[in-house]
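S.K.: Return atomic coordinates for the entry below.
(2 chains)
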Amino acid sequence: MSKALEVFGLKKSYKKGFIPKTREVLKGLDFSLGKASITGFLGANGAGKTTTIKCILGLTFSNAGQIRFFDGQPLSSAIKSKVGFLPERPYFYEYLTGYEFLRFYGELSGGMSRNALNDRISELLKKVDLLPARDVKLRNYSKGMLQKVGLAQALIHRPELVILDEPKAGLDPDGRYYMSEIIKDLAAQGTTVFFSSHLLHDAEKLCENLVIIKSGLVIFEGPTRKLLQRVNSEIEVVFQKEGKLQSQKVASDKELQTQLKELLSQGLMIQEVRRQQPSLEEAFVNLALRDEAGGA
Amino acid sequence: MRQVWVIGKNTYREIIRDRILYGLLVFALLLMGVSLALGELSFAEQTRISANFGLSGIQLSAVILSIFLGSTLVSREIEKKTIMTLLVRPLSRVEFILGKAVGLSLVTLTLVFGLALVLISVVGFLGMEINWILFGVLLGIFFEALVLLGVTVFFSSFATPMMTVIFSASVFLIGHWLDSLRFFADRSESLEFLVVSRMVNSIIPNLENYNWREAVIYSDPIPLSQVFWAGVNALSWFGLLILLTAFIFGRRDFA
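M.R.: This is a model prediction of the structure:
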C-alpha cells in the first residue's frame, strides 16, 4: 500500500529553565499513514501529539529520525503545496474578511488562476457554511466560525494530505457534525486525513486507523477495530426466572455455551443474549493502563 | 519573489488597517503643525525653517513607525501562531521575513510621502519654492527608516518586543552621534577609546549619512550621486540585517 506519510524514529527534546534541563518529548516515534485513509492521532495531554505534528510540518526541528511524504520524499516546497494544516485553537488575521483571508492563503499556495481561486473560495465557504459571512471581518467571527474558516484555509489548495490538530475543539454539536462530514468527504475523494483529537467518541466513529502515543512513544498503530477487539467484550444473557427478568454476564463465547446449557437444563426461558462492544474510550484506557502495568 | 509580494501585500494591509497607524498619523500631523508654528518664530527665512522642522516631524514619525511596528512585526505572528499556517505553505523563512519587511517598508514609504504632500502643500502655500532638495531630504528620511526597520526586525528575531524597542532606539541615537564619536576619538590620546570608536563605527550604521535636512535651510544642492550612494548604503544595511535575521529565524523552533 502506498504511503502518504512515514515517520521513522522521531526524537525531539527541549531545554527549559534558567539552568537548562533537557526534556525528551518524543522518544523515537514510528508510524505511517496509507493514502486516502482517515487516521486518528490519540494521546493524553502532553503525550507529544502537537510536537509530532510540528516536526512533520517542519515548524520544529527534530533531534533524530526521518519523515517522508508520498512514498519517500522529504519535506520541500513541492511537498508543502500538497499538504494542508489546521493548528489547534487557530487565531487568524482579524483585520481580514473571510474572503480576503482565504484569498491570501490561496495566493500563498499558488497554482490557481484568479478566477479559479475565486470559485474555490466560494465552494469552500459554502462547504463550511460560511458563505453569508464572506465579507465579515474575522474579528467578528465566533470561535466555531474561526475553526471552520481555518479548515477552509487548510483545504484551499486541494491538498493530498490534511493534518488537523484538534479540529473539533470549540465546536458545537452542529459544527462537530459538519467537521466529521467534511473529513469523511475528503477521504472519499482520495485525500489522506490525519487528525489529533482527545474526543475519543468522534475518533471512533471517523477513523479507520489509529496511532496512539504515550509519553513520546507509539503504543498502538493499526485499524480501530483491531484495538477494539483487543479489549474483552462482555456477553450478557437475559432469562426469565419465577416470572422476573434476570441477567448474568459471561466473559467468553465458551463460557456462554456452558451458561446457556445450564440455564436451559433448568428449564428457564432465554430472552436475549447481548454482546456489549467496548467503546474506544474503554479500549484507550485499557491500553494505557496495560502499558503502565507493562512498564512498571 | 511572488511569495514575498503576497506576504508584503498582506503586511501592508495589516498595518494600514491598524488603529495604531492612525494614532501615529494624528501625532505626526500635530508634530508638523507645531514644527511649522515654531518656524514662524524665527527671525529670518521662516518658511525654510518651518520646512526643516516639518521634515523633522516626518523623520520622527517614520522612525517611530519603523521601530514600534517593526518590533512586533514578527513576534505577533509567533505569539498568535499565525506563522504556523504560513510556514507550512510553499514559503521559505527568508521569504517570510523579507515579505514582512517589504510590507512595513511600503507603509513607511506611504507615510513619508503622504506627510510630505501635506508639508509641501503648506510650505508651498507659505511661498517656498518646491525643488529637488526637498525630495532628496525625503528620500534620506526613507533610507534612514529602512535601515532602522532592518535593525528592528533583526533584534526582534531573538529579543522581546520591549527589548527590541530599547535596542533599536539606542541604535537610532548612537547612529546619529557616530560622526561626533569619531571626531573625539581621532583627537583622543586613549588607544582604547579609538578602538571602541572604530568598532562602534563599523557595526552601527551612520544615520547622518541620510540626513540632509540642513540643505533645505541653506538651499544647498544635494548631489544626485550622494543620494544614490546613500540609497545603496541603506539597501546594503537593510539586506545584511534581513539576511542575519533570516539566519537566526531559520534555526528557530516554533514550539
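
S.K.: for chain A, what are the nearby residues on chain B?
M.R.: B:2-3, B:6-7, B:10, B:13-14, B:17-18, B:80-82, B:84-92, B:251, B:253-255 (C-beta under 8 Å from any C-beta of the partner chain). All C-beta atoms are positioned from the backbone trio N, CA, C, and that covers glycine.

S.K.: Setting aside sequence neighbours, what's the nearest residue to residue 95?
M.R.: Defaulting to chain A. Leaving out its chain neighbours, the residue that sits closest to A:Tyr95 by C-beta to C-beta, 6 or more residues apart in numbering or on different chains is B:Arg17, at 4.3 Å.

S.K.: Switch to chain B, please.
M.R.: Nearest non-adjacent residue to B:Glu95, counting by C-beta to C-beta, 6+ apart: B:Gln3, 4.6 Å away.

S.K.: Surely that neighbour and B:Arg93 touch.
M.R.: No. Counting by C-beta atoms under 8 Å, B:Gln3 does not reach B:Arg93; the two are 11.2 Å apart.

S.K.: The two: who's more crowded?
M.R.: Using other C-beta atoms under 10 Å in any protein chain shown as the criterion, B:Gln3 and B:Arg93 rank with B:Gln3 on top: 22 against 19.

S.K.: got the contact list for the more buried one?
M.R.: Residues counted as contacts of B:Gln3 (C-beta atoms under 8 Å, 6 or more residues apart in numbering or on different chains) are A:108, B:90-92, B:95, B:99.

S.K.: Kindly report the same for B:Arg198.
M.R.: Applying C-beta under 8 Å, 6+ apart, the residues near B:Arg198 are B:Ala185.

S.K.: Looking at it now. What's its pLDDT?
M.R.: Predicted confidence (pLDDT) at B:Arg198: the value is 85.

S.K.: Now do the SS call for it.
M.R.: helix (DSSP: H, G, I helix; E, B strand; the rest coil).

S.K.: Please report how far it lies from B:Arg182.
M.R.: As judged by C-beta to C-beta, to the nearest Å, B:Arg198 and B:Arg182 stand 8 Å apart.

S.K.: Give me the distance between the residue lying closest to A:Arg275 once chain neighbours are set aside and A:Gln259.
M.R.: Spatial nearest neighbour of A:Arg275, chain neighbours left out: A:Ile235 (5.3 Å); criterion: C-beta to C-beta, 6+ apart. Separation of A:Ile235 from A:Gln259 (C-beta to C-beta): 9 Å.

S.K.: list residues touching both of the two?
M.R.: A:Val250.

S.K.: and the residue of the stretch 151-296 of chain A at minimum distance from chain B, what element?
M.R.: Of all residues in the stretch 151-296 of chain A, the one sitting closest to chain B is A:Gln153 (6.4 Å; C-beta to the nearest C-beta). Here A:Gln153 sits within helix A:143-155, counting by DSSP states H and E.

S.K.: picking that back up, and the contacts of B:Gln3, which two are furthest apart?
M.R.: The span of those, defined through C-beta to C-beta, is set by B:Pro90 and B:Gly99 at 13.1 Å.

S.K.: Enumerate every residue touching B:Val216.
M.R.: Contact partners of B:Val216, counting by C-beta under 8 Å, 6+ apart, are B:48, B:51-52, B:55, B:133-134, B:137.

S.K.: again, 6 Å this time
M.R.: B:48, B:51-52, B:133, B:137 (C-beta atoms under 6 Å, 6 or more residues apart in numbering or on different chains).

S.K.: ok, it to chain A distance?
M.R.: Distance of B:Val216 to chain A, computed by C-beta to the nearest C-beta, to the nearest Å: 37 Å.

S.K.: continuing past the strand or helix carrying that residue, what's the next helix or strand?
M.R.: Following DSSP H and E, one finds B:Val216 within helix B:214-218. Next in sequence after helix B:214-218, counting helices and strands by DSSP H and E, comes helix B:224-250.

S.K.: Show me which parts of that next one are buried, residue by residue.
M.R.: For helix B:224-250, burial by neighbour count (16 or more other C-beta atoms under 10 Å in any protein chain shown) applies to B:227, B:230-231, B:233-234, B:237-238, B:241-242, B:245-246, B:249.

S.K.: same deal with stretch A:128-136?
M.R.: Neighbour-count burial for stretch A:128-136 [16+ other C-beta under 10 Å]: A:128, A:130, A:133.

S.K.: circling back to that earlier point, is it possible to get the buried residues of helix B:224-250 out as a markdown table so that each row also shows pLDDT and distance to A:Pro159?
M.R.: As requested, the buried residues of helix B:224-250 are arranged in a markdown table below (pLDDT from 0 to 100; distance: C-beta to C-beta, whole Å):
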| residue | pLDDT | distance to A:Pro159 |
| --- | --- | --- |
| B:Val227 | 89 | 48 |
| B:Ala230 | 92 | 47 |
| B:Gly231 | 93 | 43 |
| B:Asn233 | 94 | 44 |
| B:Ala234 | 94 | 41 |
| B:Trp237 | 94 | 40 |
| B:Phe238 | 93 | 35 |
| B:Leu241 | 93 | 35 |
| B:Ile242 | 91 | 30 |
| B:Thr245 | 91 | 30 |
| B:Ala246 | 88 | 26 |
| B:Phe249 | 87 | 25 |
